[in-house]
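Q: What follows is a predicted protein model with its sequence.
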Amino acid sequence: MKRSLSLFAAACLCAAPTFAQPRADAGAPTASADPWAGLDALLRAVVRPAGVDYGAVRARLTELRAVHDWLATHGPRTTPDAFRTASAREAYWLNAYNATVLRGVAEAPTSMRNVLTYLPDNGFFRGRRWRVDGRAMSLDDIENREVRPVFRDARVHFALNCAARSCPPLRAGAYSAARVEAQLDEQVRRYFAGDRVTVDERTDTVRVVQLFEWFRDDFSARVPGRPASTVAGPLGFVHTFAPAALRARIEAACGADGGACTLAYEPYDWTLNGVR
């Protein structure tokens, strides 16, 4: 995902119009009244427990391009009546980001194994531009102009998938206006239910991925709709969403306010999250 890449040496099921007709590619899907139905089906077909089957994505590239054709001419700015609620706009941008990443990887040479070094100067995220919501935008633009500063919700970091191994896993389905709040919670809880956070009671250290360092301010802020955590800093976000066993270990090592332990950051692995 996605970091505001200057720190590296380094989106809605809504009452939307039908798909704009896709380019005249052979086998292009027909128009649909639900703009996310095709993306949802594609994600369910290509997302695996350990990553993304990009061979399967390439086999359905015409479908993905049709979704992108719709994104080019529809969105909160170009068709605002279809995105009147914050939930609709948030789901739109989460879906737009993830669909764009999938297309970027699928159209890259199959030899590409690292999204950060694939194009010079972080070009995959900042250099390449795509037509989204009537504008030419980079992935960095979507994340750092349309998502983070607008919704101010650290849970989005578990919904935006940058095609790297250290990135929180891609959801096997599209986000929707009706369910985006619940979907964001699901994404975060699934992440912390895995082995991405480790607690070393001998050294009073909690280890998390570098994402929590890059977006420290995001993770330190109160999650919308939830009370402020009793644990300070990014560890408070972990404490809020961690399963009971992990929460107990954090409290044992760090104390009630989290101040008795050190938060350590694992280097980010930008290797492609591809699987067969």
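A: Yep, that arrived. Numbers count the residues shown, from 1 in each chain.
Q: Do you have the strands of the stretch 101-250 of the chain handy? List them.
A: Under the criterion DSSP state E, counting those that start in this stretch, strands of the stretch 101-250 of the chain are mapped to 130-132, 135-137, 198-200, 205-209.
Q: Looking at those strands, spot the one closest to Leu119.
A: Across the strands of the stretch 101-250 of the chain, Leu119 has its closest neighbour in strand 130-132 (13.4 Å, C-beta to C-beta). Heads up, the C-betas are built off the backbone N, CA and C, glycines and all.
Q: elements contacting that closest one?
A: helix 61-73, helix 86-106, strand 135-137 (3 or more C-beta pairs under 8 Å, 6 or more residues apart in numbering; DSSP states H and E).
Q: phi, psi of the residue nearest the centre of the chain?
A: Nearest to the geometric centre of the chain sits Leu160, at 0.8 Å (C-alpha atoms, centre = their mean). As for Leu160, its main-chain torsions (degrees, to the nearest 10) stand at phi -80, psi 120.
Q: contacting residues around stretch 250-261?
A: For stretch 250-261, contacts defined as C-beta atoms under 8 Å, 6 or more residues apart in numbering pick out 199-201, 204-206, 230-233, 235-236, 238-239, 242.
Q: Widest-spaced pair of those residues?
A: Asp200 and Thr230 (21.7 Å).
Q: before we move on, the earlier item: surely the residue nearest to the centre of the chain is in contact with Tyr97?
A: Yes - under the criterion of C-beta atoms under 8 Å, Leu160 makes contact with Tyr97 at 5.1 Å.
Q: Name the residue most distant from the centre of this structure?
A: Farthest-out residue of the chain from its mean C-alpha position, per C-alpha atoms, centre = their mean: Arg202, at 33.6 Å.
Q: what's the most buried one of the helices and strands packed on strand 130-132?
A: helix 86-106 (a mean of 24; mean count of other C-beta atoms under 10 Å).
Q: Tell me which other helices or strands it touches.
A: helix 37-46, helix 54-59, helix 61-73, strand 130-132, helix 139-141, helix 148-151, helix 180-193.
Q: hey, which of those is tucked in deepest?
A: Across those, averaging neighbours per residue (mean count of other C-beta under 10 Å) puts helix 139-141 on top, at a mean of 22.
Q: tell me, what's touching Leu160 and Tyr97 both at once?
A: 143, 147.
Q: quick one on the thing from earlier: now tabulate the strands of the stretch 101-250 of the chain in a markdown table and tack on mean pLDDT and distance to Arg171.
A: Below are those laid out as a markdown table (pLDDT from 0 to 100; distance: least, C-beta to C-beta, whole Å):
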| stretch | mean pLDDT | distance to Arg171 |
| --- | --- | --- |
| strand 130-132 | 98 | 19 |
| strand 135-137 | 98 | 21 |
| strand 198-200 | 94 | 24 |
| strand 205-209 | 96 | 18 |
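Q: Quick one, which of those strands gets closest to Trp36.
A: strand 130-132 (14.6 Å).
Q: Compare the contacts of stretch 250-261 and tell me which is most surrounded.
A: Neighbour counts for the contacts of stretch 250-261 (other C-beta atoms under 10 Å) peak at Val238, which has 27 neighbours.
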